[in-house]
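Student: I would like to see how this sequence folds:
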Amino acid sequence: MLPATFKLCAGISYRHVRNTTALRKNTMVAIHRELNKLAGPGANNWFSQVRRRGSLLCSRIEEQEKGYSEEEISYVKQGEDALTKAISILGEQDGWTVETIAANGDKVLSKVLPDVGKVFKLEVVLEQHPDSLYEELVENMEQMGEWNPKVKEVKILQKIGQDIMITHEVSAETPGNVVGPRDFVNVRCAKRRGSTCFLAGMSTTHPQMPEQRGVIRAENGPTCIVMKPCAEDPNKTKFTWLLSMDLKGWVPKTILNRLLSQTQVDFANHLRQRMTNDVPMEMAHAC
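Tutor: Numbering: from 1, shown residues only. Coordinates of the predicted model:
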């Protein structure tokens, strides 16, 4: 039923129905019902928490659309779709294969999905509260290149309301230039529901950033970072990152799989270092 629901949702992209608020609301309600089914007895705790707190997509649709252009509404829909698809993937507990487990317990799993391909899931525990991580990854997004050596630049091209932004991201070269630099244009959807934070995204296009000569335009999506307090210690964060990426160009699958799983492990370590380095600065401001 869920694929059929997404087909219904895709119908909204046609101009003659895009501004039909009632249709969008009915579609979002249908998606929410499917998410409820996915969050049945076998669902994990964080997914059930999302369900209990209500729909991620049905809230204040009229307010979202008020004053938005057709292009902006299209971006809002893309961001909502990315979030919905990512949550449905993360809600499926079966079929994951362990790619790597680091000495500190950081784990990367993978799964092959029809129409999506291979996706990777990072599961780690971070010492910081979700609010601090949300501020770093969302509100300070453009500073990511300062602490993540695999990212050269992140630039926000456009913001739409509180939840949606379009970004341009440039990756750094891999060691030995095994994979050259890539760039991405993504639509991002940032949501907070109670103590759980989400940052979902997928590739899009934007008039301010056409493809650049000499740089391969790669594709993301759906991707999603989920941050929720640990049950054992609410000041720590259970951090889950779903990654789906097509680097384009010619990259052997064995190299690509190893690169993506290692990218997730390295990201967790760089983020830990960033947050640790920020602690003395925060304490200094508090004095």
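Student: from memory Ala86 sits against Thr240, does it?
Tutor: No: contact criterion CB atoms under 8 Å: Ala86 and Thr240 do not qualify, at 10.0 Å. (C-beta placed from N, C-alpha, C; glycine too.)
Student: who's more crowded, the two?
Tutor: For the pair Ala86 and Thr240, the greater number of neighbours falls to Ala86 (26 against 17), based on other CB atoms under 10 Å.
Student: where's the closest residue to that one other than its chain neighbours, which helix or strand?
Tutor: Once flanking residues are discounted, Ala86 sits nearest to Cys224: 3.3 Å by CB to CB, 6 or more residues apart in numbering. Cys224 is part of strand 223-229, with elements assigned from DSSP states H and E.
Student: over to Lys111?
Tutor: Going by DSSP H and E, Lys111 is part of strand 107-113.
Student: and Arg274, by the same measure?
Tutor: Assigned by DSSP H and E, Arg274 belongs to helix 253-286.
Student: contacting residues around the nearest residue to Leu133 once chain neighbours are set aside?
Tutor: Nearest in space to Leu133, with sequence neighbours left out and distances taken as CB to CB, 6+ apart, is Met227 at 5.2 Å. Going by CB atoms under 8 Å, 6 or more residues apart in numbering, Met227 touches Pro130, Leu133, Tyr134, Thr196, Cys197, Phe198, Thr237, Lys238, Phe239, Thr240.
Student: residues near Ala190, how many?
Tutor: 21.
Student: thought it was touching Val138?
Tutor: Yes: taking contacts as CB under 8 Å, Ala190 lies within contact range of Val138: 4.9 Å.
Student: any shared contact partners between the two?
Tutor: Joint contacts of Ala190 and Val138 (CB under 8 Å, 6+ apart) are Cys197, Leu199.
Student: which stretches of this structure have low pLDDT?
Tutor: For the chain, the stretches with pLDDT under 70 are 1-66, 175-177, 279-287.
Student: go ahead and confirm Asn186 touches Ser203.
Tutor: Yes: using CB under 8 Å, Asn186 is in contact with Ser203, at 5.8 Å.
Student: between those two, who's got more neighbours?
Tutor: Neighbours were counted for Asn186 and for Ser203 using other CB under 10 Å; Asn186 has more, 24 against 20.
Student: contacts only, for the nearest residue to Ile225 once chain neighbours are set aside.
Tutor: Using CB to CB, 6+ apart and skipping residues adjacent in sequence, the residue nearest Ile225 is Leu199, 4.4 Å away. Neighbouring residues of Leu199 by CB under 8 Å, 6+ apart: Tyr134, Leu137, Val138, Arg188, Cys189, Ala190, Cys224, Ile225.
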